[in-house]
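Peer 1: Build me a structure from this.
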Amino acid sequence: MTENEKKQESRQIVFRELVTAIVRMGYPMEFGVLIAKSLNTEKTMRRMIGYLRNAHPHSAEEIADEMLAITSDRDRWVQKKEAEYYNSRYNELLYTGLGAEGEDSDAEENARLTDHENSDLDVNSSVSEDEKNDLDRDSDAR
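Peer 2: From the prediction side, this is the model:
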């Protein structure tokens, strides 16, 4: 089993756990599937499962509101990581200049930047455990 298949299987397990938790609370399965699909990542689904277990929401609106808060937190975090990446690229450009002989051509540099923009941002591997814990603590403080 490849690493990607393991991640996909793990994600499916968490997906089912979340849907099951919502159904056990008395909500329709379709609502649970919609929430799980909207959360999209394993980490965000785990955060929602934790919320359901600890907060015991009393309405579907509370669950949907928390789902929106979790996705908003994740979107902000992804934007922060993208900004850090482009800021480091800009600083590198300032440090090295616009290119001297023997360095990458502009076309090669643009191709590298485009490849990064088109790649999926693997947020779990580019962040330290401390940053992940800080994000979780910030969302729990709400």
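Peer 1: ok, Lys7 - contacts?
Peer 2: Glu42 (CB atoms under 8 Å, 6 or more residues apart in numbering). (Each C-beta comes from the backbone N, C-alpha and C, glycine too.)
Peer 1: Please identify the helix or strand for it.
Peer 2: Per DSSP states H and E: Lys7 is located in helix 3-24.
Peer 1: List the contacts of the helix or strand that comes right after that helix.
Peer 2: The element immediately downstream of helix 3-24 (helix or strand, assigned by DSSP H and E) is helix 29-39. Helix 29-39 is touched from outside by 15, 18-23, 45, 47-48, 60, 63-64, 67, 70-71, with contacts defined as CB under 8 Å, 6+ apart.
Peer 1: Separate out the buried members of those residues.
Peer 2: Phe15, Leu18, Val19, Ala21, Ile22, Met45, Arg47, Met48, Ile63, Met67, Ile70, Thr71 (16 or more other CB atoms under 10 Å).
Peer 1: mind putting those in TSV, pLDDT included?
Peer 2: Converted to TSV, these look like this (pLDDT from 0 to 100):
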residue	pLDDT
Phe15	97
Leu18	97
Val19	97
Ala21	97
Ile22	97
Met45	97
Arg47	97
Met48	98
Ile63	97
Met67	97
Ile70	97
Thr71	97
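Peer 1: okay, the angle between the longest helix seen in the chain and helix 29-39?
Peer 2: Counting residues, the longest helix found in the chain (DSSP state H) is helix 60-96. Counting by axes from the mean of the first three to the mean of the last three CA atoms, to 10 degrees, helix 60-96 lies at 10 degrees to helix 29-39.
Peer 1: So which elements touch helix 60-96?
Peer 2: Secondary-structure packing of helix 60-96 (3 or more CB pairs under 8 Å, 6 or more residues apart in numbering; DSSP states H and E): helix 29-39, helix 42-55, helix 129-141.
Peer 1: what comes into contact with the longest one?
Peer 2: Meaning helix 42-55. Against helix 42-55 from outside (CB under 8 Å, 6+ apart): 7, 10-11, 14-15, 17-18, 21-22, 25, 35-36, 39, 57, 62-63, 66-67, 70-71, 74, 123-124, 132, 136, 139.
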